[in-house]
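Participant: generate a structure from the sequence data that follows.
(chains A and B)
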There are 2 protein chains.
Amino acid sequence: MNQTSLDLGKFQRKAIQVDEAQSRIAGHVKQGEREEVGLEQAHERYLAMDLTAPHPYPRFRRSGMDGYAILGSDTDACSSGQEIWLRVVDEIPCGSVSDKRVETGLAARIMTGAQLPEGADTVVMLEATQLREEDGQTYVGLKKRMEIGKNVTPIGHEIQEGQLLLSKGTCLGPGHISVLATFGVHRVPVYRKPRVAVFSTGSELLAVDEPLQPGKIRNSNTYMLASQIREAGGEPFILQAIHDELDLARAAVREAIAAYDIVVTSGGVSVGDYDIMGDLVRQEDVDMLFNKVTMRPGSVTTAAVIDGKLLFALSGNPGACFVGCELFVRPTIQMMLSSEQPYLPTWTVRLGADYTKVNNFTRFVRSSLEIRDGQVYAIPAQADESSVMVTIKDSDCLIVVPPTTEGLRAGEEVRVLVLQGGQIT
Amino acid sequence: MNQTSLDLGKFQRKAIQVDEAQSRIAGHVKQGEREEVGLEQAHERYLAMDLTAPHPYPRFRRSGMDGYAILGSDTDACSSGQEIWLRVVDEIPCGSVSDKRVETGLAARIMTGAQLPEGADTVVMLEATQLREEDGQTYVGLKKRMEIGKNVTPIGHEIQEGQLLLSKGTCLGPGHISVLATFGVHRVPVYRKPRVAVFSTGSELLAVDEPLQPGKIRNSNTYMLASQIREAGGEPFILQAIHDELDLARAAVREAIAAYDIVVTSGGVSVGDYDIMGDLVRQEDVDMLFNKVTMRPGSVTTAAVIDGKLLFALSGNPGACFVGCELFVRPTIQMMLSSEQPYLPTWTVRLGADYTKVNNFTRFVRSSLEIRDGQVYAIPAQADESSVMVTIKDSDCLIVVPPTTEGLRAGEEVRVLVLQGGQIT
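Facilitator: Numbers count the residues shown, from 1 in each chain, chains lettered A, B, ... in the order given. Model prediction:
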């Protein structure tokens, strides 16, 4: 009840815009460290260097068909519907190299993917041929004129030597991994996943495996944050919740700052008597970046630099905590991974339903996304109050509602930030 | 060169439609096994049972503000701009339960998230109050009329007891994990990840860490498939490549069928002499589901049931292998996980560029997705031949081009299958 001890700063915070807050953070992000992983472990990791092609691909003239490697010009005679017969001089399975040369009048049986023999420039598919044995020799007959080069993939058709294969910061999916395998990158240089310490503050919090007690709630934000951090490419470490005591909080934060790349807390940043994270970042040895942002939910979102590392003190309200993590923590992790798009992608879509709430701050409204005939609609959640946890799971995007005294009408164009796990249905 | 030994079946395959192929597969999918994981490990796992709320949430009347818990009716007196003063009888931090009752003329200091004391029905925010000490008593003054219930979240506001929280088959992201934590589900019933054996066939294949040899290529499909399988929710196991010998292949497949839930091979399914997977599925003890599908790429895609388990023999062409996995293997894994949407989501979008290739089969064209003013466009890859590996990484979706003798024009509506890793830019 000792309200006289309240620091005036608690009430008189200077609010900054979201993009200004993001840019202050960006100024303190350090690129992540590199490590090597086996190709099988590279899925969804972020490439730590540009990779260029050590050789063209394909590296040899490749047959695109099961059939016969021939000289295309030999089929000129077929123009008038006439069948030609070529003597089969070799059979080339995949992986083998023929030592025969295919001259005019000759052919070599060849499999899909095999290297064309010298001389041959065209492949005729097996189904378009017939065979004949004569004097112990095999002859292949065909009736159709072939374009020279047909069914042959030339050297470097897909990639030239020295061409950029994959850029630093690429998140590796199936197609990228296929490229890495093709060029023999069996040890992949990736960024070490940023290690992010997560804890919540608040004496009201029970561990998830504790039975409920009157007036208390279970600590859900840390688990949610851990999942968001994983999604962003980080490795979360859930630490013990901090109780509402400044000295304990300071010690816990210091320890985490020393041991991890990023520290994220939830709770303790509003203007109540027990809002210790707010007090902590106002201490002398902490470089506070901001403690108020012109956004809802999460206007009290706070960021600071301690010993060169970023501390994010997010709101304890689930909705505000979620948004704060997406707007500030996620980009930090993504920048450490050199991601080309550290911020959530922004689309312009149509509003699927009226939105009547008015704000003096920019509001980030949890919404679902639907597509109808190629047109994308964002439908605001029924309950998007900061304190509401249950609609977070149904959110595909955040509609960015600028400060407004009027509501928005269904059908209007709106800007949305698309969440990574967002589905469009 | 022994073409006479070619089984006639190689040429005379009966082609079926993609959806018929998918439905034949679906008839043989068994639901996955359950296991329990800790909440911290639940990210991106699939829930193995419906979960209902064991209690309402919030479970108590919760303050949405730092301020004072009061009787809303006490503020009626403020209507005429008059200040009222209430005696402060308690201070309620989060997690505490007050033993005081708030009667008319009284108030209790309360923190965001704390349980309202008996009697109180409204919370006035701290910033709208002032304090006065008198005779050792503290009084809080306020000037504004408050709606009863203001800043109080009622019991069950988000979720009622017994309400469905999360459905079986939900892929768990941050919002779901928040729900699980809130309700104390610290051990989460999830499906065991389907174990999928992957190998390629073909003597032309080098291991990714082998130096290149003339005529040979590195085995890239297995790594790509492993990444696709992870993306679909499975656990891939890359086995040693099978060389082109039927007995060896049969033994390897049998062994894999016994040890894993699903077996996927790439290569060896077309009509060449060395296409052993094609031969293998025609054997008596194998229940072949199909060995030709009216699709490009990957018309030779083959599926069979051996000892009750699914074998997918995909084309060795990278593009066909990729598409075959997305159309047939992915849904199998997703169905084992009870996913609500086992097949790739289908959208109707606009074609972003002319597509001139004609087919007698349905073609699945690798494409990127762009959004402009809420309208989504699919832009076909420049090189989408089955054999081309390099454009797979740039694909966000597959345009479904029905059999056509004319091309498609930019601006036309087209149906696309959206890939899981697909980005819209």
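Participant: just the helices in chain A please.
Facilitator: A:18-26, A:174-182, A:221-232, A:246-259, A:276-280, A:318-324, A:330-336 (DSSP state H).
Participant: between those helices, which gets nearest to chain B?
Facilitator: helix A:174-182 (2.9 Å; C-beta to the nearest C-beta). (C-beta placed from N, C-alpha, C; glycine too.)
Participant: distance check, A:Phe13 against A:Gly278.
Facilitator: No Phe there; residue A:13 is Arg. Separation of A:Arg13 from A:Gly278 (C-beta to C-beta, to the nearest Å): 9 Å.
Participant: repeat that for A:Gly175.
Facilitator: For A:Gly175 relative to A:Gly278 (C-beta to C-beta), the value is 46 Å.
Participant: try A:Arg45
Facilitator: Going from A:Arg45 to A:Gly278 by C-beta to C-beta gives 36 Å.
Participant: counting neighbours, go ahead and name the busier of A:Arg13 and A:Gly278.
Facilitator: For A:Arg13 versus A:Gly278, neighbours defined as other C-beta atoms under 10 Å in any protein chain shown are more numerous around A:Gly278 (22 against 18).
Participant: what's the closest non-adjacent residue to that one?
Facilitator: Excluding the flanking residues, the one nearest A:Gly278 by C-beta to C-beta, 6 or more residues apart in numbering or on different chains is A:Val269, at 5.0 Å.
Participant: burial of that neighbour, as a residue count?
Facilitator: Applying other C-beta under 10 Å, we find 31 residues neighbouring A:Val269.
Participant: most distant residue from the middle of chain A?
Facilitator: In terms of distance from the mean C-alpha position of chain A, A:Asp135 ranks first, at 63.5 Å (C-alpha atoms, centre = their mean).
Participant: which residues do A:Arg13 and A:Gly278 both contact?
Facilitator: Common contacts of A:Arg13 and A:Gly278, defined by C-beta atoms under 8 Å, 6 or more residues apart in numbering or on different chains, comprise A:Asn291, A:Val300.
Participant: is A:Leu289 in contact with A:Arg24, as I believe?
Facilitator: Yes - counting by C-beta atoms under 8 Å, A:Arg24 is a contact partner of A:Leu289 at 4.5 Å.
Participant: list the beta-bridge partners for A:Gln130.
Facilitator: A:Gly141 (DSSP bridges).
Participant: pull the number of nearby residues for the closest residue to A:Arg330 other than its chain neighbours.
Facilitator: Among residues not flanking A:Arg330 along the chain, A:Ala232 sits closest, at 4.2 Å (C-beta to C-beta, 6+ apart). A:Ala232 has 24 neighbours, counted by other C-beta under 10 Å.
Participant: give me the contact list for the helix-or-strand element of chain A with minimal mean pLDDT.
Facilitator: Least confident helix or strand, chain A: helix A:276-280 with a mean of 86, by mean pLDDT, DSSP states H and E. Outside of helix A:276-280, the residues within contact range by C-beta under 8 Å, 6+ apart are A:7, A:10, A:201, A:242, A:244-246, A:249-250, A:253, A:265, A:267-271, A:286, A:291, A:300, A:302, A:313.
Participant: from the stretch 201-350 of chain A, which residue is nearest to chain B?
Facilitator: In the stretch 201-350 of chain A, the residue that lies nearest chain B is A:Glu204 (2.9 Å; C-beta to the nearest C-beta).
Participant: okay then, goodbye and thanks.
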